[in-house]
Structure formats: C-alpha cells, structure tokens
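Visitor: Predicted model and sequence follow; I will ask about them next.
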Amino acid sequence: MKIILASLMCFVLGASQCFAIKGGPWGGGGSTSLLGNFAGVMEGELGSNGLGIFTINVPQNGLATGVFLIFQSGLFLMGDIQALADGHRKKITGLLHAEATRTEVHAGTVTTTIVAIADGQMRVNVSAGSGFTFGATLTGTAVVNEHGPDDPISDPANDQTYQVTGFQQSATPSG
C-alpha cells in the first residue's frame, strides 16, 4: 500500500508543475518590489544641448523623492523629483522641478535671483537586469520645459524631450 501511495504522490507532484504559475516577480503578472535607490541619465535630442542626471529613492510607503540636475540651453538647473513607483505596472512616474540661480554680493549683502525654471515629467519602465546588471534597469522618456521665473505659464514650444536610461543602485531605500 505504501508503494502505491508513494507512486501516486510522485505522479501528483510531477503533474502539479504543469499547472504552476509562470513568471515570478518579473513575469507577466503580480507585483514587483521597486524599493531602493535608482540613478539615471536623461539625454536630449540630437543637437538640443541638453543633458540631465537624477537619483530616486523609493521608500516602503509614500512618494519616491530624488535629486534632479539638468544642463539645458547653456544653464545649470538643480532641483528635485517627486515620483510614484507602481510595482504592478513596473513603472515610475514623476514630476521634475529645477531652478537656475545667480548669487551676487553687494556691500556685504548676498542676493540670490532665480534665472530660469525647468518643469517636466518623467515616465520610465522598470525591467529586470540582464547580464552583469544585478538590479533593475530604467528606460523611458522625460519632457522638460524651461521658462523664466516671471512666466506663470510655460510655452509648449520650449518643451524638450529626453531619453531616460538608468539602473537600480541598491534594493534598500535610504533614510
């Protein structure tokens, strides 16, 4: 009797693999943990003279935040990212804001003036790393609009599109 039961169990265990859910965390379904730190580069269109770099920290709860630096139209703008990381869709979507400032000292008084503002949005897909990459990789686009500090409405003619590539630096969020 024990031999018959053991033989049936071998058949059941072998057959159950045929009905197993395929994929895993990077497969077709389910949620993916996007926790950790990501970094990337934003490359402007050919001839646009635009280049950006960023870091994003994705915590367990709340918005992902990071630093955003961009060189655009001969200006250096520094700011931040506020983003939402969606593990079900494997996407990070964020808002970008950066400012270029000028600091002047006259008779001991320091004055800082905002010269230009860059606002935009970034949408990236998160994929499993391959080859020598252990973490996840980022690919997507960003649209950034540079305008003056006195312009309450940005002109869509100033929009610049960037190709975004990046990678996961660590799977542990900082802070």
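Guide: It's in.
Visitor: before we move on, which element is the closest residue to E104 other than its chain neighbours in?
Guide: For E104, ignoring the flanking residues on the chain, the nearest one in space by C-beta to C-beta, 6 or more residues apart in numbering is T111 at 5.0 Å. To be clear about C-beta, it is placed using only N, CA and C from the backbone, and glycine gets the same treatment. Using DSSP states H and E, T111 falls within strand 109-128.
Visitor: center of the chain - which residue?
Guide: I92 (5.1 Å; C-alpha atoms, centre = their mean).
Visitor: Check it and give its pLDDT.
Guide: I92 carries a pLDDT value of 95.
Visitor: same deal with E99?
Guide: Listed pLDDT for E99 reads 93.
Visitor: in the protein, which spans are helices?
Guide: For the chain, the helices defined by DSSP state H cover 2-16.
Visitor: Can you find the helix or strand of it with the lowest average pLDDT?
Guide: None of the helices or strands of the chain scores lower by mean pLDDT, DSSP states H and E than helix 2-16, at a mean of 54.
Visitor: give me the low-pLDDT residue ranges for this protein?
Guide: Within the chain, the stretches with pLDDT under 70 are 1-32, 129-134, 152-154, 175.
Visitor: still on that earlier bit, just give me how far the strand holding T111 sits from the chain centre.
Guide: Remark: strand 109-128 is offset 14 Å from the chain centroid, using C-alpha atoms, centre = their mean, to the nearest Å.
Visitor: Within its sheet, name the partner strands of that strand and how each one runs.
Guide: strand 91-106 (antiparallel), strand 136-147 (antiparallel) (DSSP bridges).
Visitor: Highest mean neighbour count out of those?
Guide: strand 136-147 (a mean of 19; mean count of other C-beta atoms under 10 Å).
Visitor: Alpha carbons of that one, as CSV, please.
Guide: Extracted C-alpha coordinates of strand 136-147, given in CSV (Å, rounded to 0.1, in the frame of the first residue of the first chain):
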residue,chain,number,x,y,z
ALA,A,136,16.6,46.6,-12.3
THR,A,137,17.0,48.9,-15.3
LEU,A,138,15.1,52.0,-16.3
THR,A,139,14.1,53.1,-19.8
GLY,A,140,11.6,55.8,-20.8
THR,A,141,11.2,59.5,-21.6
ALA,A,142,11.0,62.8,-19.9
VAL,A,143,9.6,66.1,-21.2
VAL,A,144,11.1,69.3,-19.7
ASN,A,145,10.0,72.9,-20.3
GLU,A,146,12.4,75.7,-19.4
HIS,A,147,10.9,79.1,-18.8
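Visitor: No further questions, thank you.
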